[in-house]
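Q: just a sequence and a predicted model for now, questions to come.
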Amino acid sequence: MRDGSVAAIDVRNLTKVFGSGSQEVRALEDVSLAIARNEFFTLLGPSGCGKTTLLRLIAGFEQPSAGQILLEGYDIVRLPPFKRPVNTVFQSYALFPHMTVAQNIGFGLEMQGWDKPRIATRVGEMLELVQMGSLGDRRPTQLSGGQQQRVALARALANQPKVLLLDEPLSALDFKLRKEMQIELKRLQRETGITFVFVTHDQEEALTMSDRVAVMSDGEVQQAGSPEQIYERPVNRFVADFIGETNFLQAEVESEGERYRLPGGAVLSGQDPHRHAAGERVTLALRPERVELEAAGAEGLTGAVERIVYFGTDTLYFVAIAGADLDAPFQARVQNRDGSKAQFSVGERVGIRVAPDAVQVLVD
Amino acid sequence: MGAFVDLMRRSRPARVGALIAPAMLIIGIFMVLPLGLMAYVSILERGINGGVQWGVHTVEAYVAFLFEENLLGELSVNPDYIRIFARSFILSFVTMAICLTIGFPAAFYMALQPEKYRNLLIFLVTIPFWTNLLVRNYAWILMLRSNGLLNEALLGLGLIEEPIELLYTNVAITIGLVYSFLPFMVLPIYASLEKLDLRLVEAAFDLGANKRRAFLRVVVPLAMPGIAAGCILVFIPSLGAFVTPELLGGSKSMMIGNLIQSQFGAARNWPLGAALAFALLAIVLLAMMVYLMRFRRPPSAG
């Protein structure tokens, strides 16, 4: 936890099982997470990984089968959703269709027993905050998707929750609007200082917006850390595969934490947080942009260019590596610094130069 | 292209006209025409042996609705018919209220069931329609009479000393009406609740509403079209109910339907029967207009 303070959300050994017997679905399996105050925390994973279930458990819409949820140190598992100082922005926005925008935003304040003038003032502030100043009298159905999204945000923030939960809030928006709202969300989080717990399956969204990311799959947290840690130092094959593009190479540990021998004979140095012992078989992860291609030499990793895809800013080379047992061709993404000319051509033999800290040893 | 669009636009009223013509024709022949005829009958002189004297106009029937004439030809207010109207409205309102009280939770329960059970439940609600209304009302006679099922059961349990007089009372009529019209309350409310997005209820909880407030502020307003439709579908037919009060009510708890029937039948006063029918129609239309003006307005804040 940052600066030793109490976590905004501290999830301990949380398990959620739906159904029973043969119908049993284990949505969350012994999940533990600490989310710091003022943090933009993202739960990232494919659909069915348990991220939305975790969010709904924090909101109180579901009861955990086991485990604790502490909010600023207090266990909130027994509190009904309406007593939790937490608000949700729903994927479908869930705006009340029979109320105006202003009534939607004021609903939570009304439930807290605020008087009408105070509600009106606060609703006005919230409308300004999400840049919807003049639309308070509209009905949700009269708004565009992006505007509905802003109202949903304003409504959830109006109560000044300790934690704001966002369930894939941008998935219904088109690309351009999504980009706008990403920036908007970051701004709102900074301005309000509220802890955001954001659920998404979009890795780019997760990397660009979050302070920290938890990558989930099969009801478990695979890895939690800063976007850089998640991207640069994936702990297992799932994380490395789910986030960005990765080359996976089978290798044998030659010396612990240092040298890894590929089937073709080439030796790479890599980082291994798991300290595999010499002689063990491991999987190495190598990002396509962390390698450089050069004229083939006698030493090191070599292969033949199979296919070239030009991307403008960079060029992607697919390289067949002799002797390496790969599921897919090795990919090398090379920056196009010298205009448009491709440095190598199909069929040409190339050497693959790997940056010293680029290789990550995974647990399978 | 522009010309085509223009043509489509211009011919639209014609196409709409063609589509609704059959319905209009049927409504014209089977509703407007008979109603017009009855309206005319209501301002004719009654025939000696029933029927009317065509061409002899009088407002006597409408006067007779409110006043009675003594032997000296002086008019005084006659509360008899008004009393029957008032009883009809009260019984219909009570019926509507009871149907709503029973029907809403039932519809809510149905809407919350897994989809595969819902159709079965709707099917169960419609089962009473399979048998004739008369038969079902006779069944209630067997249930409610002094030595009927209900009294026997209560006596047997020792809850009462002697049979309760239920049959031929307002209570019996209300029971019969509630029984007859309950499905008309359940089905429209179910239809509106089934469409209700449960995430809206979650959103209400999330924003701090407890169950009661989430229900009153989100579920009920969104079910309002169904509630309104259900209330209309129960209240209006109850007002005109004929079979149930005839069988379960007896002579002391007459309703409008029986009154009108008796004017066309035994009393041989067609104009009065027609006038009573139109008085009822006028009151219902007025009530509907008031209702529409009240509910068309967008719900206000707070």
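A: Thanks, I have it.
Q: in the chain, which ranges drop under the pLDDT threshold?
A: Just going to use chain A. A:1-4, A:298, A:324-325, A:339-342, A:364 (pLDDT under 70).
Q: hm, I was asking about chain B
A: For chain B (pLDDT under 70), the answer is B:1-11, B:295-302.
Q: helices along chain A, start to end?
A: Here chain A has its helices, by DSSP state H, at A:51-59, A:101-111, A:116-129, A:145-158, A:175-192, A:203-209, A:227-232, A:237-242.
Q: out of these, the one nearest A:Gly347 is which?
A: Nearest to A:Gly347 among these is helix A:237-242; the distance by Cβ to Cβ comes to 28.8 Å. Placement of C-beta: from N, CA and C, glycine included.
Q: mind putting the helices of chain A in TSV, distance to B:Met288 and mean neighbour count included?
A: Below are the helices of chain A laid out as TSV (distance: least, Cβ to Cβ, whole Å; neighbours: other Cβ atoms under 10 Å in any protein chain shown):
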stretch	distance to B:Met288	mean neighbour count
helix A:51-59	44	24
helix A:101-111	28	25
helix A:116-129	33	16
helix A:145-158	35	23
helix A:175-192	45	15
helix A:203-209	53	19
helix A:227-232	62	18
helix A:237-242	61	22
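Q: now for the ones you listed, which one comes closest to chain B?
A: Minimum separation from chain B across these (Cβ to the nearest Cβ) falls at helix A:101-111, 3.6 Å.
Q: the closest one and chain B, are they touching?
A: Yes: interface with chain B: helix A:101-111 contributes A:102-103, A:107-108, A:110-111 (Cβ under 8 Å from any Cβ of the partner chain).
Q: nearest residue to A:Gly73 in space, please, no chain neighbours.
A: Excluding the flanking residues, the one nearest A:Gly73 by Cβ to Cβ, 6 or more residues apart in numbering or on different chains is A:Val6, at 4.6 Å.
Q: my read is that that neighbour contacts A:Leu71, right?
A: No: in this structure, A:Val6 is not within contact of A:Leu71 by Cβ atoms under 8 Å, at 9.4 Å.
Q: neighbour count winner among the two?
A: The neighbour count for A:Val6 versus A:Leu71, taken as other Cβ atoms under 10 Å in any protein chain shown, is higher for A:Leu71 (23 against 14).
Q: that one against A:Pro85, yeah?
A: Yes: assessed by Cβ under 8 Å, A:Leu71 is found in contact with A:Pro85 at 6.9 Å.
Q: and the chain, what are its domains?
A: Using chain A. With domains defined by automatic domain parsing, chain A comprises A:2-232, A:245-362.
Q: actually chain B
A: According to automatic domain parsing, the ranges for chain B are B:2-76, B:79-268.
Q: and of these, who's closest to A:Arg281?
A: Judged by Cβ to Cβ, the one of the domains of chain B that comes nearest to A:Arg281 is domain B:79-268, at 48.1 Å.
Q: and the end-to-end length of that closest one?
A: The stretch domain B:79-268 measures 21 Å between its terminal residues, going by Cα to Cα, to the nearest Å.
Q: just stretch A:234-244 next, same as before
A: This stretch, stretch A:234-244, spans 11 Å end to end (Cα to Cα).
Q: contacts made by that stretch with the rest, please.
A: Identification of contacts with stretch A:234-244 by Cβ atoms under 8 Å, 6 or more residues apart in numbering or on different chains yields A:44-46, A:203, A:206-207, A:215, A:217, A:222-223, A:230-231, A:246, A:248, A:273-274, A:283, A:285, A:287, A:360, A:362-364.
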